[in-house]
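> Take this sequence and fold it.
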Amino acid sequence: MEYQVPALSVVFMGIAALAGVAIPILLFLYFRKRYRADALPFFIGCAVFLVFALILESLAHNLILASPAGAKIQADPWLFGAYGGLMAGLFEEVGRFLAFKSVLKKKLGRDVNALMYGAGHGGFEVLAVLGLTMISNLTVASMINLGMTEQLTANVADPAALAQMQAQFAALASTAPAMFLAGVVERFAAVALHLSFSVLVWFAVKQKGKTYLFPLAILLHALVDMAVVVLGRSVSNVWLIEGAVYVMAAACALVALAVWKRCASPEGPQPEPAPPEGA
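Numbering: from 1, shown residues only. Purely as a prediction, here's the structure:
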């Protein structure tokens with residue numbers, strides 16, 4: 001079967017791919033230049049997301065969802081949402097907590113580093129979830145439009161894998177062009193959430209008597225992810241889901257802002273004076 005991906009879809013995939021690469025870079029430059037945050041927290045944030053979310057959490061999903069209980073979990077949207085939310089909350093917030101307790105312990109003196117860490121954690125997610133996915137989609141879409149689908153499927157012997165590839169071709173050809181920008185819209189809210197959760201866990205580690213902020217971060221993370229899963233299975237309008245995500249991100253940001261105002265150093269995330277010329 002011949003497919004053709006609309007030119008506007010290809011353009012929007014390119015924009016989304018560019019955004020997926022540019023957003024983490026811009027986040028790093030913003031906190032580095034504007035507030036002179038340390039660079040290390042950003043890269044530790046990237047590493048924590050890679051290890052705890054993409055590797056460890058994925059391994060746990062493979063084990064649990066392949067078990068007899070996995071079928072029951074996936075059959076119930078609420079149960080699956082609760083499971084997915086709790087797993088994301090536990091793995092990512094524990095990763096944050098351990099990073100702040102260990103490799104970033106010496107960076108706790110500057111609270112802006114909490115935001116720099118969140119930029120790395122959230123920024124790497126943008127790169128992995130949006131950037132790499134859209135680069136892959138853009139590559140496949142370009143080959144489809146060049147009539148090169150046979151080259152993509154030539155070495156695929158497994159019927160199930162071949163059917164999956166054909167489904168991908170059909171999806172790329174039939175998806176409304178604007179939907180390829182939905183991921184860009186969502187990632188801004190996701191970054192705001194990661195900044196908020198990073199602030200909560202940061203002060204849970206740094207401030208005596210604020211340990212409760214750590215389980216609060218896990219709970220909020222779990223609730224947000226659960227809501228996204230449940231809405232994704234019950235609401236067909238993507239933009240309504242994105243609106244709900246923005247409302248939840250704003251609520252979490254307000255919680256983090258309240259904690260910041262109460263716990264942060266008096267100077268807040270202010271830029272340090274630039275060194276004198278010639279120094």
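
> Just confirm residue 96 contacts residue 204, I think it does.
No - taking CB atoms under 8 Å as the definition, residue 96 is not a contact partner of residue 204, at 9.2 Å. C-beta: built from backbone N, CA, C; applies to glycine.

> Of these two, which one has the most company?
Each of residue 96 and residue 204 has its neighbours counted (other CB atoms under 10 Å); residue 96 has more, 32 against 24.

> helix/strand/coil for that one?
Following DSSP: H, G, I helix; E, B strand; the rest coil, we place residue 96 in the helix state.

> so how far is residue 189 from the closest residue to it other than its chain neighbours?
In space, and not counting its chain neighbours, residue 96 is closest to residue 201: 4.4 Å by CB to CB, 6 or more residues apart in numbering. According to CB to CB, to the nearest Å, residue 201 stands 19 Å off from residue 189.

> same check, this time on residue 183
11 Å.

> Common neighbours of residue 96 and residue 204, please.
By CB atoms under 8 Å, 6 or more residues apart in numbering, residue 96 and residue 204 have these common neighbours: residue 217.

> ok, back up a step: out of residue 201 and residue 189, which sits in the more crowded spot?
residue 201 (29 against 22).

> show me what contacts the residue nearest the centre of the chain?
With distances taken as CA atoms, centre = their mean, the residue of the chain nearest its centroid is residue 125 (3.7 Å). By CB under 8 Å, 6+ apart, the contact list for residue 125 reads 49, 53, 187, 190, 194.

> and the residue nearest to the last one when sequence neighbours are not counted, how many neighbours?
Going back to what we said before, that points to residue 194. Spatially, and ignoring its direct neighbours in sequence, residue 194 is nearest to residue 122 (3.2 Å; CB to CB, 6+ apart). Residue 122 has 27 neighbouring residues, counting by other CB under 10 Å.

> and residue 122, what does it touch?
27, 45, 49, 190, 191, 193, 194, 195 are the contacts of residue 122 under CB under 8 Å, 6+ apart.

> which helices and strands does the worst-scoring helix or strand of the chain on mean pLDDT pack with?
Between all helices and strands in the chain, the lowest mean by mean pLDDT, DSSP states H and E belongs to helix 149-153, at a mean of 82. The contact analysis (3 or more CB pairs under 8 Å, 6 or more residues apart in numbering; DSSP states H and E) places helix 149-153 against helix 132-145, helix 159-174.

> could you redo these as TSV and give each row distance to residue 227 and mean neighbour count?
Below are the helices and strands packed on helix 149-153 laid out as TSV (distance: least, CB to CB, whole Å; neighbours: other CB atoms under 10 Å):
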stretch	distance to residue 227	mean neighbour count
helix 132-145	22	18
helix 159-174	25	13
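
> weakest of the ones you listed in terms of mean pLDDT?
Out of the helices and strands packed on helix 149-153, helix 159-174 stands lowest, with a mean of 89 (criterion: mean pLDDT).

> now whichever helix or strand comes after it, how far from the centre of its chain.
Per DSSP states H and E, the first helix or strand lying C-terminal to helix 159-174 is helix 179-206. Helix 179-206 sits 7 Å away from the centroid of its parent chain (CA atoms, centre = their mean, to the nearest Å).

> Only the buried residues of helix 179-206, if you could.
Using 16 or more other CB atoms under 10 Å as the test for burial, helix 179-206 gives 180, 182-206.

> That helix versus helix 159-174: what angle between them?
For helix 179-206 against helix 159-174, the angle by axes from the mean of the first three to the mean of the last three CA atoms, to 10 degrees is 110 degrees.

> Could you check the angle the host helix or strand of residue 48 makes with helix 179-206?
Under the criterion of DSSP H and E, residue 48 resides in helix 40-48. Relative orientation of helix 40-48 and helix 179-206, computed by the same axes, to 10 degrees: 110 degrees.
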